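Trainee: heads up, no residue letters with this:
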């Protein structure tokens, strides 16, 4: 290769010498001489790159076949890892920079539940979940961190607590044991908001009100504790021709002890400013026949139903004048009376 390059360089020098001699004659005749040709240099460069390419091919071909296969497999694994990283969930992106400690003996608009044996209260405070003896004492943190966890509900056997959490980046239903262990995700929606979870009597399903992000009607869904896409129970738009002002929103569902009936608060029409009372009324749905009827109406709304274990009484929230209170309805006789007034004011206009 180098011998060929040397000969080409010698030929180039000879060509330059001949061109210089010719230029003298051209000057004498008044003709401007031409510049030396670069053809030879282009040939030299081309041969040089050809030689380098040949060396590169030779080096690749010199790699043993087994090593080449190993290299190819290694590259494939790297690509698979990249794909896995794209698919894996990263959860909440925020990391805590500092911790804030405080001591308190009260909270506002707490969501709480009492265990079936009547010994323990589970409640949320600032996005963390605590348990507390029913007779009072020191609260125990069972679930905390950067995620916002809320609305704990004991299962019928008291072995699980259902709650809402955004720990995977979007709000979903989760369950855990009362001591905070065994945390498990139930629903896996990526663009929904949930409210008021509750259990079916067998402890196999969790009922919940669900809507997409933003202000819109809520519908009842049920999810099996082992996961799945869920089953829709109510529809805000039962027919394609249902007008927007006739769509309903449903919240606060509870099931009867035999699982046949569902009780919930229903609001007709979406959220709006300067709404007129009543906004919410309590409905009962027969899961066997599909029939739905209104069982409690109040001038200033009725909401957030809760059943006694024997299913004979229904506790609910209503508003009197400017305050909210608790009333108890005997489902057999229809008798209705105040239990507690006032309590923490409801926020029915905002939902």
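Mentor: Structure's in. What do you need? Predicted model, so just to flag it, every value in this text is computed and none were measured. Numbers count the residues shown, from 1 in each chain.
Trainee: quick one, what contacts residue 280?
Mentor: 251, 265, 266, 267, 301, 302, 303, 348 (CB atoms under 8 Å, 6 or more residues apart in numbering). (Glycine included, C-beta is placed from N, CA and C.)
Trainee: what does residue 253 give?
Mentor: 196, 198, 207, 208, 209, 220, 233, 262, 263, 264.
Trainee: Which ones among those lie within strands?
Mentor: Judged by DSSP state E, the subset of these located in strands is 196, 198, 207, 208, 209, 220, 262, 263, 264.
Trainee: ok, now how distant is residue 143 from residue 100?
Mentor: In this view, residue 143 and residue 100 are 17 Å apart by CB to CB, to the nearest Å.
Trainee: and the two? which has more neighbours close in?
Mentor: Using other CB atoms under 10 Å as the criterion, residue 143 and residue 100 rank with residue 143 on top: 22 against 6.
Trainee: buried set for stretch 236-251?
Mentor: For stretch 236-251, burial by neighbour count (16 or more other CB atoms under 10 Å) applies to 236, 247, 248, 249, 250, 251.
Trainee: what helix or strand does the fifth one sit in?
Mentor: Assigned by DSSP states H and E, residue 250 belongs to strand 248-255.
Trainee: Partner strands of that strand and their direction?
Mentor: strand 261-268 (antiparallel) (DSSP bridges).
Trainee: Format the buried residues of stretch 236-251 as a markdown table; extra columns: pLDDT and distance to residue 286.
Mentor: Output for the buried residues of stretch 236-251, formatted as a markdown table (pLDDT from 0 to 100; distance: CB to CB, whole Å):
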| residue | pLDDT | distance to residue 286 |
| --- | --- | --- |
| 236 | 90 | 19 |
| 247 | 88 | 22 |
| 248 | 91 | 17 |
| 249 | 92 | 21 |
| 250 | 94 | 15 |
| 251 | 94 | 19 |
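Trainee: Next, the buried residues of stretch 298-316.
Mentor: 298, 300-307, 311, 313-314, 316.
Trainee: Stretch 252-271 too?
Mentor: In stretch 252-271, counting by 16+ other CB under 10 Å, buried: 252-256, 261-267, 269.
Trainee: what's near enough to touch the residue nearest to residue 142 when sequence neighbours are not counted?
Mentor: Once flanking residues are discounted, residue 142 sits nearest to residue 180: 3.5 Å by CB to CB, 6 or more residues apart in numbering. For residue 180, the contacting residues are 129, 141, 142, 143, by CB under 8 Å, 6+ apart.
Trainee: Columns pLDDT on top of the residues you listed, output as JSON lines?
Mentor: Shown next, in JSON lines, are these (pLDDT from 0 to 100):
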{"residue": "129", "pLDDT": "98"}
{"residue": "141", "pLDDT": "96"}
{"residue": "142", "pLDDT": "98"}
{"residue": "143", "pLDDT": "96"}
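Trainee: which ones among the residues you listed are found in strands?
Mentor: Using DSSP E, the contacts of residue 180 in strands are 129, 141, 142, 143.
Trainee: and of those, the nearest to residue 281?
Mentor: Using CB to CB, residue 129 comes nearest to residue 281 of those, at 31.0 Å.
Trainee: and the closest one, bridged to which residues?
Mentor: Assigned bridge partners for residue 129, using DSSP bridges, are residue 124, residue 143.
Trainee: which ones are touching it?
Mentor: When contacts are counted by CB under 8 Å, 6+ apart, residue 129 touches 122, 123, 141, 142, 143, 144, 149, 150, 152, 161, 163, 180.
Trainee: at 6 Å what do you get?
Mentor: Counting by CB atoms under 6 Å, 6 or more residues apart in numbering, residue 129 touches 142, 143, 149, 152.
Trainee: Buried among these? Need that as a selection in PyMOL.
Mentor: Buried residues within the contacts of residue 129, by 16+ other CB under 10 Å, are selected in PyMOL with:
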select buried, resi 142+143+149+152
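Trainee: Tell me which two in the contacts of residue 129 are the farthest apart.
Mentor: 142 and 149 (9.7 Å).
Trainee: Residue 140: what's it in contact with?
Mentor: Residue 140 is in contact with residue 131, counting by CB under 6 Å, 6+ apart.
Trainee: picking that back up, that's a strand at the residue nearest to residue 142, yeah?
Mentor: No: using DSSP: H, G, I helix; E, B strand; the rest coil, the assignment for residue 180 is coil, not a strand.
Trainee: if I look at it, how far off is residue 133?
Mentor: 16 Å.
Trainee: if I pick residue 146, what's in contact with it?
Mentor: By CB under 6 Å, 6+ apart, the contact set of residue 146 is 92, 94, 96.
Trainee: Setting aside sequence neighbours, what's the nearest residue to it?
Mentor: Leaving out its chain neighbours, the residue that sits closest to residue 146 by CB to CB, 6+ apart is residue 92, at 5.3 Å.
Trainee: so the one you found, which of the three states?
Mentor: Going by three-state DSSP: residue 92 is coil.
Trainee: Could you give the number of residues near it?
Mentor: Burial of residue 92 is recorded as 13 neighbouring residues (other CB under 10 Å).
Trainee: where does it land on pLDDT?
Mentor: According to the prediction, residue 92 has pLDDT 71.
Trainee: same question, the one 5 residues further on
Mentor: Reported pLDDT at residue 97 in the predicted model: 83.
Trainee: how far away is it from residue 341?
Mentor: Going from residue 97 to residue 341 by CB to CB gives 44 Å.
Trainee: Looking at the two, which one has more neighbours?
Mentor: residue 341 (13 against 5).
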